[in-house]
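Chemist: Sequence and predicted structure are below.
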Amino acid sequence: MKTLGLMALAIALLGAGWWGWQRWQATPVLPVSELPAEITYLCLETGELSRGPRQATPAMNPKLGRATLVQALYCSRCQGWHRMPPDEVRKTMPGGPVCPTTRVPLVETAPAGAPLEVAR
Ligand SMILES: [Zn+2]
């Protein structure tokens, strides 16, 4: 019976380890508590920027009725918004998304008074 108990314990530990690994892999760039509830979106069809509650992307653009919104990130060097790099590009950016032109880190929240404009 003792062996059975140890096996159950081992399986439980393995399960917890697997769960932790999954959680760790899914961890976003920023700690969840610091993520703003509202983020900026870029419409891939119209190129328009908009603000909205955080949700999975591509998100529905209510004006078009289609899921065309991807997250936009602010670039302090370009003083404008860039499209969030695609997943495969972001994998090459372990420190978080950076500007494709100037390599400065991109942020979700622009400083107060920053224009809602796409960076050129
Ligand atoms: Zn930039």
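Modeler: Structure's in. What do you need?

Chemist: The longest strand seen in the chain packs against which elements?
Modeler: Ordering each strand of the chain by length in residues (DSSP state E) puts strand 66-75 first. In terms of contacts (3 or more C-beta pairs under 8 Å, 6 or more residues apart in numbering; DSSP states H and E), strand 66-75 is packed against strand 38-43, strand 49-53, strand 59-61, strand 80-83. Where you see a C-beta, it was placed from the backbone N, CA and C, and this is true even at glycine.

Chemist: Of those strands, which is nearest the ion?
Modeler: strand 80-83 (5.5 Å; C-beta to the ion).

Chemist: Including mean pLDDT, mean neighbour count and distance to M93, could the helices and strands packed on strand 66-75 go into JSON lines?
Modeler: Output for those, formatted as JSON lines (pLDDT from 0 to 100; neighbours: other C-beta atoms under 10 Å; distance: least, C-beta to C-beta, whole Å):
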{"stretch": "strand 38-43", "mean pLDDT": "97", "mean neighbour count": "19", "distance to M93": "18"}
{"stretch": "strand 49-53", "mean pLDDT": "96", "mean neighbour count": "14", "distance to M93": "22"}
{"stretch": "strand 59-61", "mean pLDDT": "96", "mean neighbour count": "17", "distance to M93": "22"}
{"stretch": "strand 80-83", "mean pLDDT": "97", "mean neighbour count": "20", "distance to M93": "12"}
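
Chemist: Q71 is nearest to which of those?
Modeler: strand 38-43 (5.8 Å; C-beta to C-beta).

Chemist: Contacts for the closest one next, please.
Modeler: With C-beta atoms under 8 Å, 6 or more residues apart in numbering as the test, strand 38-43 has contacts from 48-54, 57, 59, 61, 63-64, 68-74, 81, 83, 108, 110, 116, 118.

Chemist: Give me the distance between the residue nearest to Y41 when sequence neighbours are not counted and the ion.
Modeler: Leaving aside its chain neighbours, Y41 sits nearest to L69 (4.0 Å; criterion: C-beta to C-beta, 6 or more residues apart in numbering). Distance from L69 to the ion, counting by C-beta to the ion, to the nearest Å: 20 Å.
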